[in-house]
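Engineer: Just to be clear, the model below is a prediction. Sequence and coordinates:
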Amino acid sequence: MATVADVRTQERVSTGAAIWSWVTTIDHKRIGVLYFVTSLIYFIVAGFEALLIRLQLATPEGQLLDSDTYNQLFTMHGTAMVFMVAMPMAAAFFNFLIPLMIGARDVAFPRLNAFSYWTFLGGSLLMHSSFLFGQAPDGGWFGYANLTSKEYSPGLSIDFWGLGLLVLGVASVAAALNFIITIINLRAPGMTLMRMPVFVWMTFVTSFLIIFAFPAITAALIFLEFDRLFGTNFYEVAEGGDPMLWQHLFWVFGHPEVYILVLPGFGIASEILPTFSRKPIFGYSAMVFAAVSIGFLGFSVWAHHMFTTGMGTIADAAFAGSTMLIAIPTGIKMFNWVATCFGGRISFTTPMLFALGFLTTFLIGGLTGPMLAAVPLDLHFQDSYFVVGHFHYVLFGGLILALMGGVYYWFPKITGRMMDERIGKWHFWIMFAGMNLTFFPMHFVGLDGMPRRVGTYAAGMGWDFWNMFITVSAFLIGVSILVFLWNLVASYVKGVPAGNDPWDARTLEWAIPSPPPEHNFDEIPHITHRDQVWFDKYGDGHGDAAQLRKTSAAVAEPAEDSDEEHEVHMPDPSYWPLLVSAGLTIAAAGLMIHIAVSVFGVAWTIISVYAWSLEPASTPPEEH
Amino acid sequence: MSDAAVAHEAQEEHPTSTGLNHRKILMWAFLGSECIFFGSLITTYLVYRGKSVVGPYPSEILNIPLTSISTFVLLMSSLAMVLALAGFERAASAGANEDRKRRELQKGRFWLLMTAVLGTGFLGFQAYEFIEFVHHGLGLTTNLFGTTFFVLTGFHGTHVGVGVLWLVSILVLSYFGKVKPLDVELGGLYWHFVDIVWIIIFTLIYLIPH
C-alpha cells in the first residue's frame, strides 16, 4: 500500500536525519547522552585493560604481557579512567541535569557545550589512536619527567599522551565555564543559591576547580611537548632544568583533580539519600560550605604526593597538616549523609543501595587518606599497593558507585523507562562484593611491600595468594559490568514506563515528563522552597500546599510565548562546534606528523570559529 | 541610556538571574583561568631564574630602553581601547540623533583601529627583539633563560596577536552594523588582561636586576 511505503521512505529518510540531528545537536540532554555513551565505551575499554593487568599479576613471574605492554596498559587504564570515564561521565550528569534542576531551558552556551563534547571525543580518539601504531602512552598517568623525555621515551607514545591531554583540557575548561555561567545566570525565578539542589552546588564547585586546576597541567604539558618537539630545556637536568617542576605543576592540577572526580559523586549521593529516606538533606548549608572549603583546601595540598622527593621537613609538615585539614569538611559531609538517613523511612531501591554502598566504601577510602597524609607512614606506603587500594576505594567506591546509583536514579527521567530493580540489585551486590574483595586485599600486599607499576613479582614473597584472590575478584567486577550493560539495554528496550515521578522525588526535573521535552519546561517554574517538588506535592507541614502553590503560580512570570500551541523558541542546531573541535584535534595531531598539518588544522579552526561566531544562534521567530 | 535603547536591549537579551550578561561573566571566568596559565609560566620563569648553565645571560642581552618603549606602546593601546569602547557606547545611547550617532561611531572605530595598530606595533618590537636575541646567540634551546623567556613572552605575544585579530574583526563587522557595545567591551576586557600580564612580565623579567 502506498501509505505504508510512504511511511517507510519517511522512516529511512529520518534515520539519516536522526544521525545528522545528533551530530549537530546543541540540546543539553542529547549532549549528556552522548557524553554518557562515550564514557561508557571507554569504561569498558579501560576496565578490560585492568583485567589484563590483573591476569598478568595473578601468578608470580607472569608471562602474559611483556613489560612494555604492561606499561602501556597501566598508563592507559589510569589516564582513560580519569579523563575519559570519570570526568565525562560526571559531565553527562551535569549536562542532562543542571538545566533541569535549576529550571532552565538549556545551558548558557549551547553551541559551546557541543564543542566541549566533540573536543573531548577528538582528544580521546587522538590518544587512543596510538594503539593503532603500537605506540600507546607508557609513562604512567602522572607522566613524571624525565622518564617522559625524548631520551628515555623515544617514539611518539608520550606525544600521543601529552597532545591528547591538551585537547581534553580545552574540552574540560570549556564545559566548566559553561556550567559556571549556567548556574550563576540561568536559575529560575526564586531559585536562590541556597535553594539549589546539592548536586548543582557540587557541579558549581567542581567547575571552578576545573577552570583553576587545568591551566597548570596545560602549562606543564606545553613545557613537556616543547621539550620533546622543539628541544627546549624545561625538564633537562643537564641544562639546569628540574624534573621536580613537572611534579609540582602536575600535582597542583592533580590534587584538585581528585576533588573534580569525587565531588560529582557527592552530589549524586546527596540527591539519592534524601529521596529514599523521605527526609530533606540534613544540614544543607553545612553541606554547601563543606564542599566549598574542600574546593579551596584542595589547592593547598598538592605536595603530599611528593613526600619522598626530599622537599624538607617544613614543607612536608605543612602539606601533611593542610591535607589532614580536609578530613574536617569531608567528615561533616559524611555525618550529614548519615544524619539524613537517620530516622528516615528508608526504601532500599537500587539507587539507594548504590548510595549507601558509596557511603561505606568512601568512608574506608577516606580513612586511609589521613594515614597517607602522615609523612612518616607515607614514606613507607609510597609506590606500594596500599596507595592503589586507597585511591580505588575513593574513586571506585566514591565515584563509580555513586555514578551507577545516578544511572539507576535518573534513567527513568532520561529514557522514560524504569531500569529493572531485580537485575539492578544483582548488579549492586556483585559489584559491591567484587570491588571490596578486589581493593581491600591490595592494602595487605601493599603493607607487605608489593610495589605498584611493576609487571612481575618473584614467587615466595608471600603475595601469591592475595594476588590470585584479587584477580579473581576483579573478574567479579567485570561480571557486574556485564549485568549492568544487560540491564541498561533490556530496560531501554522494554522497561516499565516510568511516568513523570517514579521515585516521588524532590527536585524540579521530576515535575516534567520523562523523557523531558526539548524545551524542558512549558513554563519556567517559580521557586519558593529548597525541595520544591516535595513542597508542591506535600506542602511544608503547615498550611495548605495547593493554596500556597496557587499563590506562587500567580507571581510566576508569564510564559514567553502566549500562543495556544505554547511554542518555545529554541536555538538552532549547528555543525560548527564539531568542525572547530576537528580543527583543534588535527592541529594537535599535526605536531606528530608534520608542521604543515598543524598549520592546516589551525587555519581550519580559525575559519570555523569565524563561521561559528557569525552564524546566528537562532533564526528569527517570524521565519518559522 | 535612553528608554528606547533600554527597551531594545531588554528585548534582545534574555533576562538572567544576576542581570549580568552571560558572555561578560564567561569572559571574566575565562580570564580567571588564564591567570593560572600565565601564573604557571611566570612561576616557571622565576624558579629557573639564574639557573642557566651557559650564556648568554639576561643581563648581557636584555635591552631595557627598547622594551620600555614597546611597553609604553602596549599601555597606550589600553587607553585607545577605553576610548574605542566609549565611542561605541555613546553611539548606542545617541538614540534618534543620527548625526551624533555617526560621529561617535566613527570615533569608536578610529580608536579601535588605533588599538590594533599599537598592538601590532608591540608585536613588531617583540619580533625585532626575538631576532636580535637570536643574532646574539640566544635561541629557544640555548639555555634555561632562552627556554623560559621565549615560551613565556611567546605565549603572551600569541595572546596579543589573537587580540589584534579579534579587534580587527570587530572593526570590520561594525561596518555591517553587527557590533554592539558589549562586543567591544568583551574584546576590551581581554585586551586589558593581556596588557596587565605584560606589566607583570616586564617588571619581573626586565626591571628586577639579575
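Structural biologist: Nice, I can see it.
Engineer: buried sites along stretch B:161-175?
Structural biologist: Within stretch B:161-175, the residues scored as buried using 16 or more other C-beta atoms under 10 Å in any protein chain shown are B:161, B:163, B:164, B:166, B:167, B:168, B:169, B:170, B:171, B:174. Just so you know, the C-beta spots here come from the backbone N, C-alpha and C atoms, and that holds for glycine as well.
Engineer: Between the residues you listed, which sits nearest chain A?
Structural biologist: When those are compared for distance to chain A (C-beta to the nearest C-beta), residue B:169 wins out at 7.5 Å.
Engineer: pretty sure the closest one contacts residue A:614?
Structural biologist: No: using C-beta atoms under 8 Å as the test, residue B:169 is too far from residue A:614 to be in contact (9.5 Å).
Engineer: same for the longest helix belonging to chain B, what does it pack against?
Structural biologist: Of all the segments assigned as helix in chain B under DSSP state H, the longest by residue count is helix B:98-135. Using 3 or more C-beta pairs under 8 Å, 6 or more residues apart in numbering or on different chains; DSSP states H and E as the contact definition, the elements that helix B:98-135 packs against are helix B:64-92, helix B:144-174, helix B:181-201.
Engineer: what's the closest of these to residue B:124?
Structural biologist: Proximity of the helices and strands packed on helix B:98-135 to residue B:124 was assessed by C-beta to C-beta; the nearest stretch is helix B:64-92, lying at 8.3 Å.
Engineer: what is the mean pLDDT for that closest one?
Structural biologist: The predicted model gives helix B:64-92 an average pLDDT of 96.
Engineer: buried sites along it?
Structural biologist: B:67, B:70-71, B:73-74, B:76-78, B:80-81, B:83-92.
Engineer: same question, stretch A:454-464
Structural biologist: In stretch A:454-464, residues buried by neighbour count (16+ other C-beta under 10 Å) are A:455, A:457, A:463, A:464.
Engineer: what sits up against stretch A:598-605?
Structural biologist: A:579, A:580, A:582, A:583, A:584, A:585, A:586, A:587, A:588, A:589, A:590, A:591 (C-beta atoms under 8 Å, 6 or more residues apart in numbering or on different chains).
Engineer: In this structure the third one contacts residue A:122, no?
Structural biologist: Read that as residue A:582. Yes: counting by C-beta under 8 Å, residue A:582 does reach residue A:122; the two are 6.4 Å apart.
Engineer: Straight-line length of stretch A:396-403, end to end?
Structural biologist: Between the start and the finish of stretch A:396-403 there is a gap of 10 Å, counting by C-alpha to C-alpha, to the nearest Å.
Engineer: So for it, what gets flagged as buried?
Structural biologist: Judged by neighbour count (16+ other C-beta under 10 Å), stretch A:396-403 contains these buried residues: A:396, A:397, A:398, A:399, A:400, A:401, A:402, A:403.
Engineer: Return the residues in contact with the second one.
Structural biologist: It refers to residue A:397. Residue A:397 makes contact with A:357, A:358, A:360, A:361, A:362, A:364, A:365, A:435, A:439, according to C-beta under 8 Å, 6+ apart.
Engineer: Where does the third one sit, in terms of helix or strand?
Structural biologist: Just to be clear, that refers to residue A:360. Counting by DSSP states H and E, the element that carries residue A:360 is helix A:350-373.
Engineer: got the buried residues for that helix?
Structural biologist: Using 16+ other C-beta under 10 Å as the test for burial, helix A:350-373 gives A:350-359, A:361-366, A:368-369, A:372-373.
Engineer: quick one: residue B:43 is in a helix?
Structural biologist: Yes: for residue B:43, which was evaluated using DSSP: H, G, I helix; E, B strand; the rest coil, the result is membership in a helix.
Engineer: Give me the neighbour count for it.
Structural biologist: For residue B:43, the tally of surrounding residues (other C-beta atoms under 10 Å in any protein chain shown) stands at 16.
Engineer: what does chain A put close to chain B?
Structural biologist: Where proximity means C-beta under 8 Å from any C-beta of the partner chain, the interface of chain A facing chain B comprises A:108-109, A:173, A:177, A:180-181, A:184-187, A:191, A:211-216, A:218-220, A:222-223, A:226, A:230-234, A:238-242, A:245, A:249, A:252, A:610.
Engineer: Of these, keep whichever come out buried.
Structural biologist: So, by 16+ other C-beta under 10 Å, the buried ones in the residues of chain A next to chain B are A:108-109, A:173, A:177, A:180-181, A:184-187, A:191, A:211-216, A:218-220, A:222-223, A:226, A:232-234, A:239-242, A:245, A:249, A:252.
Engineer: And for the closest residue to chain B within the stretch 401-550 of chain A, nearest residue in space, chain neighbours not counted?
Structural biologist: Among the residues of the stretch 401-550 of chain A, residue A:524 lies closest to chain B, at 10.0 Å counting by C-beta to the nearest C-beta. If you skip the residues right next to it in sequence, residue A:524 has residue A:188 as its closest partner in space, 5.2 Å away by C-beta to C-beta, 6 or more residues apart in numbering or on different chains.
Engineer: Which strand or helix spans the one you found?
Structural biologist: Secondary structure assignment for residue A:188, by DSSP H and E: no helix or strand.
Engineer: what's the distance between it and residue B:119?
Structural biologist: Note on residue A:188: its distance to residue B:119, by C-beta to C-beta, to the nearest Å, is 42 Å.
Engineer: quick one: contacts for residue B:202?
Structural biologist: Under the criterion of C-beta under 8 Å, 6+ apart, the contact partners of residue B:202 comprise B:67, B:71.
Engineer: Next, the contact list for residue A:527, please.
Structural biologist: Applying C-beta under 8 Å, 6+ apart to residue A:527 gives the contacts A:103, A:187, A:188, A:189, A:190, A:191, A:192, A:195, A:508.
Engineer: Nearest to chain B among those residues?
Structural biologist: The shortest separation between chain B and any of the contacts of residue A:527 is 4.4 Å, and it belongs to residue A:187 (by C-beta to the nearest C-beta).
Engineer: Dihedrals phi and psi, the closest one?
Structural biologist: Backbone geometry at residue A:187, expressed as degrees, to the nearest 10, gives phi -70, psi 140.
Engineer: Same question for the one 3 residues further on.
Structural biologist: Main-chain dihedrals, residue A:190, degrees, to the nearest 10: phi 90, psi -10.
Engineer: neighbours around it, how many?
Structural biologist: A count of nearby residues for residue A:190, using other C-beta under 10 Å, gives 16.
Engineer: from memory residue A:290 sits against residue A:332, does it?
Structural biologist: Yes: counting by C-beta under 8 Å, residue A:290 sits close enough to residue A:332 to count as a contact (4.4 Å).
Engineer: hmm, back to that, which of the contacts of residue A:397 sit farthest apart?
Structural biologist: If you compare every pair in the contacts of residue A:397 using C-beta to C-beta, the most distant one turns out to be A:358 and A:439, at 14.1 Å.
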